[in-house]
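**Student:** Quick one: sequence and predicted model below, then my questions.
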Amino acid sequence: MGNKPITNKGIPVQRLRWTGQFGRWTGMRVPSTGFKIHPTPASNGQWGAAMLWEPCSPTSSCASLALPHIYRQPMNALLDTVHAAGTSLLSPDALGRFVRGIDVSQLDLDRWRGMEAPKGGYVRDVLTTDPLEVVVLVWPPGGASAIHHHEGFFGHVLVVEGHLENVEFRLKDGVLTDTLHAVYGPGGVAYEPDGMHHLIRNADLDRTLITVHFYSPPISDLTGLKILDPATGTIAVLNEKAKSASFREPREHFSEVQEGVFRYLPFEKKPGAPSHHIHPIVPKPSPERILELIMGYYDEQAHVY
């Protein structure tokens, strides 16, 4: 049908090239001030991507994005959309809306399923660093990062398969304390603000966790990343040779190691701490799953008390 302006009650939305019939998406809800991406197969066996846009007034600052055309697989469509977006995604809010709009059920993960990862650790596969970093991480059962410090960059972590546990910490006056434990399932997005201390681990004991991370500015390698060991009070700084945020890295992958510079005070041992720690679950589980979790909690507490 060629290029033509798309309008909604006279308000320009975006200039798109039609490549087929899109009645399937008419009326679908779109995140506020954002869009949704729906990779979809074409008749020739390749892939395209339908993008649904919210109305955009002529005077507002709207992202200048174009509809991707034909792609070999949905992950390629996602990466090309990131490239097309340019600098419009380089704020925490804009990137968060983008990542939350991704339909994880449509992502092709065959390349990463079965990928070998070190026991107790994880493996990184950087897909692009332009204009931000997109990296796939594979976490085997028991896989985890060390506590590490985000300094000078922020990110959003999208869970594609499995369950991720994110533990946040506060380091103040030489004392490290855990402040939040949250679990994210498929489609859940964990925000990693600049300045945070946290660790990520696979919450499942019998299945692999696959996540897609979006970082701005791109970090490409782990040079300068600080990791913390609560058992010894050690803070170590990784160099460009490091493959993961882990104390399992060889000594030559560190540029600096300082021992005994802080102490760890678990949340439950803080003076006046509540007797229980709330663990949010994202996305919200089904009613049946909530009941299952409650019954599991009561069974666990019966042995404690």
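**Tutor:** Cool, the structure landed. This is a predicted model, so every value here is computed, not measured.

**Student:** can you give me phi and psi for Asp80?
**Tutor:** With angles defined as degrees, to the nearest 10, Asp80 sits at phi -70, psi -30.

**Student:** where are the low-confidence patches of this protein?
**Tutor:** 1-73, 275, 304-305 (pLDDT under 70).

**Student:** Kindly recompute the last result at 50.
**Tutor:** Along the chain, segments meeting pLDDT under 50 span 1-27, 30-36, 40-72.

**Student:** Pull out the buried residues from the top helix by length along the chain.
**Tutor:** As assigned by DSSP state H, the longest helix anywhere in the chain is helix 287-304. Buried residues in helix 287-304, defined by neighbour count with 16 or more other Cβ atoms under 10 Å: none. C-betas here are computed from N, CA, C, even on glycine.

**Student:** Give me the contacts around that helix.
**Tutor:** 281, 285 (Cβ atoms under 8 Å, 6 or more residues apart in numbering).

**Student:** ok, now which ones touch Leu205?
**Tutor:** Contacts of Leu205 (Cβ under 8 Å, 6+ apart): 141-142.

**Student:** Next up, phi/psi of it, please.
**Tutor:** phi -90, psi -10.

**Student:** Helices of the stretch 1-150 of the chain, start to end?
**Tutor:** Assigned by DSSP state H, counting those that start in this stretch, the stretch 1-150 of the chain shows helices spanning 74-85, 92-100.

**Student:** In three-state terms, label Glu268 for me.
**Tutor:** helix (DSSP: H, G, I helix; E, B strand; the rest coil).

**Student:** neighbours around it, how many?
**Tutor:** Neighbours of Glu268 under the rule other Cβ atoms under 10 Å: 11.

**Student:** And it, how far from Gln301?
**Tutor:** 14 Å (Cβ to Cβ, to the nearest Å).

**Student:** quick one on the thing from earlier: CA atoms only for the longest helix of the chain, dumped as PDB, please.
**Tutor:** Taking C-alpha atoms only, helix 287-304 is exported to PDB below (Å, rounded to 0.1, in the frame of the first residue of the first chain):
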ATOM      1  CA  PRO A 287      -4.500 -17.400  42.100                       C
ATOM      2  CA  GLU A 288      -3.700 -21.100  42.100                       C
ATOM      3  CA  ARG A 289       0.100 -20.400  42.300                       C
ATOM      4  CA  ILE A 290      -0.500 -17.800  45.100                       C
ATOM      5  CA  LEU A 291      -2.400 -20.500  47.100                       C
ATOM      6  CA  GLU A 292       0.400 -23.000  46.500                       C
ATOM      7  CA  LEU A 293       3.000 -20.500  47.700                       C
ATOM      8  CA  ILE A 294       1.000 -19.800  50.900                       C
ATOM      9  CA  MET A 295       0.600 -23.400  51.700                       C
ATOM     10  CA  GLY A 296       4.300 -24.000  51.100                       C
ATOM     11  CA  TYR A 297       5.000 -21.100  53.500                       C
ATOM     12  CA  TYR A 298       2.800 -22.600  56.200                       C
ATOM     13  CA  ASP A 299       4.500 -26.000  55.800                       C
ATOM     14  CA  GLU A 300       7.900 -24.400  56.100                       C
ATOM     15  CA  GLN A 301       7.000 -22.400  59.200                       C
ATOM     16  CA  ALA A 302       5.500 -25.500  60.900                       C
ATOM     17  CA  HIS A 303       9.000 -26.900  61.000                       C
ATOM     18  CA  VAL A 304      10.500 -23.700  62.300                       C
END
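
**Student:** All good on my end, thank you.
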